[in-house]
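In: 3D, please:
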Amino acid sequence: MSHVARDPLIDFPAQPLPPWRRAVLKVGSSLLAGFADGDGGLDARHARDLAHFVQAARAAGREVVLVSSGAVAAGRARVASVGEGLVLRQALAALGQAQLIGFWQALLSVPVAQVLLSHDDLRDRRRYLNARATLRELLRLGALPLINENDTVAVDELKLGDNDNLAAAAASLVDADLLLIATDIGGLYSADPARDARAAPQPRIAHITPQLLAAAGAAGRIGTGGMRTKLEAAAKAATAGIATALFCGRDAGVVAALRAERLHGTLIERAVDALSARKQWLRHAPAAGQLTVDAGAAAALCAQGASLLPGGVVAVAGEFHRGDV
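Out: From the prediction side, this is the model:
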């Protein structure tokens, strides 16, 4: 969905945030890029308000994990680069990571710890648990973990894809109570407000439906995610028992209201029957391959919880080994 000049404080009346002790805050490229095309490095206008929210939360004894885009935009401002492509983005991310850490360090005035995760870190159970232990130890030490995908070594086929879904995985990793996604619009609408004047704000969503996903927009000009990826992330978080709040990170009044536990945006409720920790890992782990089974095997798996027998497999896609998802 495109950004339009609608007031989120009016479109989305205040509602209380759910109780939380630990949250993951995701900030996208569109809120940090200096120019409209992302070539101006990092801009602190909106990030400063978000930093004040983080500082207030920490002062109240809460814990915040930050998932921040912006390394590519920061790197692009340091060199003369044109074009796109995975290799160029990897190089720009390597150039910009240090600047991104310094950017948030200066705004927050707290120890910021860089944590770069890859597809394999989430797929491999032992590496997943190691990342989980490291993040928890950083929080115990009073540091603020700043998570990003390890773009420099990722290959196109194995990229996590966007920081919205990475934020959902991070929320599950650290057992967060709340996933906060700062966007460049007020929240979720019934249609694209840039194209439909009748688009109605959706302040509260009980669960993500296929219809909601179909109506969501595609990726933005600067970042890799759109409203669809935010809803996908919220759906994953919900299965882990984590509520998601979508709000406009460009509006200082909206961000200030968060410090008073008031949300002007969309709250996506957590699932009542949350998955176990291992099933959460399976839910977030990127798939190495795919099995197609016949109707009988599907019924046995879904309705009876039975094991899959070789005779029920009708097609195999991808390359995978024992222990892969």
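
In: where does the stretch 101-250 of the chain dip in pLDDT?
Out: For the stretch 101-250 of the chain, the stretches with pLDDT under 70 are 154-161, 217-225.

In: if I look at the closest residue in space to A91 that isn't next to it in sequence, how far off is L144?
Out: Once flanking residues are discounted, A91 sits nearest to G75: 7.2 Å by CB to CB, 6 or more residues apart in numbering. Every C-beta, even on glycine, is put in place using the N, C-alpha and C of the backbone. Separation of G75 from L144 (CB to CB, to the nearest Å) stands at 22 Å.

In: looking at the two, which is more packed in?
Out: In terms of neighbours (other CB atoms under 10 Å), G75 is the more surrounded of G75 and L144; the figures are 25 against 21.

In: on contacts alone, who are the packing partners of the helix or strand hosting the more buried one?
Out: Using DSSP states H and E, the element containing G75 is helix 71-76. On a contact count with 3 or more CB pairs under 8 Å, 6 or more residues apart in numbering; DSSP states H and E, helix 71-76 meets helix 29-32, helix 86-108.

In: adding mean neighbour count, write those helices out as JSON lines.
Out: Output for the helices and strands packed on helix 71-76, formatted as JSON lines (neighbours: other CB atoms under 10 Å):
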{"stretch": "helix 29-32", "mean neighbour count": "25"}
{"stretch": "helix 86-108", "mean neighbour count": "18"}
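
In: between the ones you listed, which gets nearest to D177?
Out: helix 86-108 (20.7 Å; CB to CB).

In: identify the residues contacting the closest one?
Out: Contact partners of helix 86-108, identified using CB atoms under 8 Å, 6 or more residues apart in numbering, comprise 32, 41-42, 44, 47-48, 51, 54-55, 66, 68, 70-79, 81, 111-112, 114, 116, 144, 146, 148, 151-156, 159.

In: same thing but at 7 Å, please
Out: 42, 44, 47-48, 51, 54-55, 66, 68, 70-76, 78-79, 81, 112, 114, 144, 146, 151-152, 156 (CB atoms under 7 Å, 6 or more residues apart in numbering).

In: which of those residues fall in helices?
Out: A44, A47, R48, A51, V54, Q55, A71, V72, A73, A74, G75, R76 (DSSP state H).

In: show me which of these are buried.
Out: Buried members of the ones in helices among the contacts of helix 86-108, counted by 16 or more other CB atoms under 10 Å: A47, A51, V54, Q55, A71, V72, A73, A74, G75, R76.

In: just name the closest of these to G241, please.
Out: Using CB to CB, V54 comes nearest to G241 of these, at 22.8 Å.

In: residues in contact with the closest one?
Out: L25, V64, L108.

In: apply 8 Å and report the result again.
Out: V54 neighbours (CB under 8 Å, 6+ apart): L25, V64, L66, L108, L144.

In: could you identify the most distant pair in those residues?
Out: Of all pairs drawn from the contacts of V54, the one with the longest distance (CB to CB) is L25 and L108, at 11.3 Å.

In: domains of the protein?
Out: 8-281, 288-318 (automatic domain parsing).

In: so which of those is the most packed in?
Out: Counting by mean count of other CB atoms under 10 Å, domain 8-281 has the highest mean neighbour count of those, with a mean of 19.

In: ok so, going back, show me which of the buried ones among the ones in helices among the contacts of helix 86-108 is closest to S172.
Out: S172 lies nearest to V54 out of these, by CB to CB, at 20.3 Å.

In: verify the stated contact: A23 with A176.
Out: Yes. Look at A23 against A176 with CB atoms under 8 Å: they come within range, at 5.6 Å.

In: show me where this protein has its helices.
Out: Under DSSP H, the chain gives helices at 8-11, 29-32, 44-59, 71-76, 86-108, 119-123, 125-140, 163-173, 210-215, 227-239, 252-259, 277-284, 295-304.

In: now these in a markdown table, with distance to E269?
Out: Below are the helices of the chain laid out as a markdown table (distance: least, CB to CB, whole Å):
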| stretch | distance to E269 |
| --- | --- |
| helix 8-11 | 20 |
| helix 29-32 | 25 |
| helix 44-59 | 21 |
| helix 71-76 | 32 |
| helix 86-108 | 30 |
| helix 119-123 | 25 |
| helix 125-140 | 25 |
| helix 163-173 | 15 |
| helix 210-215 | 13 |
| helix 227-239 | 7 |
| helix 252-259 | 18 |
| helix 277-284 | 17 |
| helix 295-304 | 24 |
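
In: of those helices, which is nearest T183?
Out: T183 sits nearest to helix 227-239 of all those, at 6.8 Å, using CB to CB.

In: and that closest one with helix 163-173, angle?
Out: 10 degrees (axes from the mean of the first three to the mean of the last three CA atoms, to 10 degrees).

In: from the chain's centre, how far out does helix 227-239 sit?
Out: Remark: helix 227-239 is offset 8 Å from the chain centroid, using CA atoms, centre = their mean, to the nearest Å.

In: and what of stretch 9-17?
Out: With CA atoms, centre = their mean as the basis, stretch 9-17 stands 22 Å off its chain's centre.

In: fine, thanks again, bye for now.
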